[in-house]
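*Asks:* A predicted structure for the sequence below; I have some questions about it.
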Amino acid sequence: MNKEIIKFSFLFIVILLAQVLICNHIAIFNVAVPIIFIYFIIRLPISLGKGILFTLAFTMGLCVDIFADTLGVNALACTLLAAMKRPVFYAYIPKDDKTKYLTPSLSSLGVGIYCKYLITMVGLYCLMAFTIEYFNFAEVKEIVILAASSCLLTFVMLLAIDSLIIKKS
C-alpha cells in the first residue's frame, strides 16, 4: 500500500504542475483547453473510500483553482466528477468481486471499455466545468462548443498519457 500512496502522490504533483505551468496557458483556437489534471481522479482505484476520493478530488480542484484564479469552479467540478466515478465505471463493467479492486487504465480495462469510460468522464467534467463557469444558459452554444472541443483534446491527451505510462511500466 505504501508503494501505491507514493505513486499517487507523485502523480498528483506531476499532473498538478503540468496543468498549472503548461496546460493552463494553452487554448487551441481560443476554444479547446487541455484539462489533464482530471486524469488523477480518473485513475484513482475504484476501491478507494468515498471520503478519501472526495477529499483528493476537491484538493486537486482547489489547487488548480488557486493557480488559475477560477474561484472554485474546478473544486466543484472535480467533486462532482468524483461522485460520478463509480456509477460511470459500473455502467461499462459488471459489478463483482473481481472489478471491485481495479484501477481504471488502458491495460486493466482494455482499449474499448477504457475509451468509453474515459470519454464519459472527460465529457462530464468539461460540461460541468464550463456550465459552472458561465453559470447561465443564455450561452448554451458557446458552452457546448467549449465543452466538446476541450473534451476531445483532453481525451486524446489523457489517452496518450495513459499509453505512455503503460509503455514505461
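*Replies:* That came through, no problem.
*Asks:* host element of the closest residue in space to residue 134 that isn't next to it in sequence?
*Replies:* Leaving out its chain neighbours, the residue that sits closest to residue 134 by C-beta to C-beta, 6 or more residues apart in numbering is residue 143, at 5.5 Å. In short, each C-beta sits where N, CA and C put it, glycine included. Assigned by DSSP states H and E, residue 143 falls within helix 140-168.
*Asks:* on contacts alone, who are the packing partners of that helix?
*Replies:* helix 38-43, helix 106-109, helix 111-134 (3 or more C-beta pairs under 8 Å, 6 or more residues apart in numbering; DSSP states H and E).
*Asks:* just say which of those helices is most tucked in.
*Replies:* Compared across the helices and strands packed on helix 140-168, helix 38-43 shows the largest average neighbour count, a mean of 22 (mean count of other C-beta atoms under 10 Å).
*Asks:* that one: what's the following helix or strand?
*Replies:* Past helix 38-43, the next helix or strand by DSSP H and E is helix 50-68.
*Asks:* what's the following helix or strand after that following helix?
*Replies:* By DSSP H and E, the next helix or strand past helix 50-68 is helix 73-92.
*Asks:* what's the angle from that next one to helix 111-134?
*Replies:* Calculated by axes from the mean of the first three to the mean of the last three C-alpha atoms, to 10 degrees, helix 73-92 forms an angle of 150 degrees with helix 111-134.
*Asks:* any buried residues in helix 73-92, and which?
*Replies:* 73-82, 84-85, 88-89 (16 or more other C-beta atoms under 10 Å).
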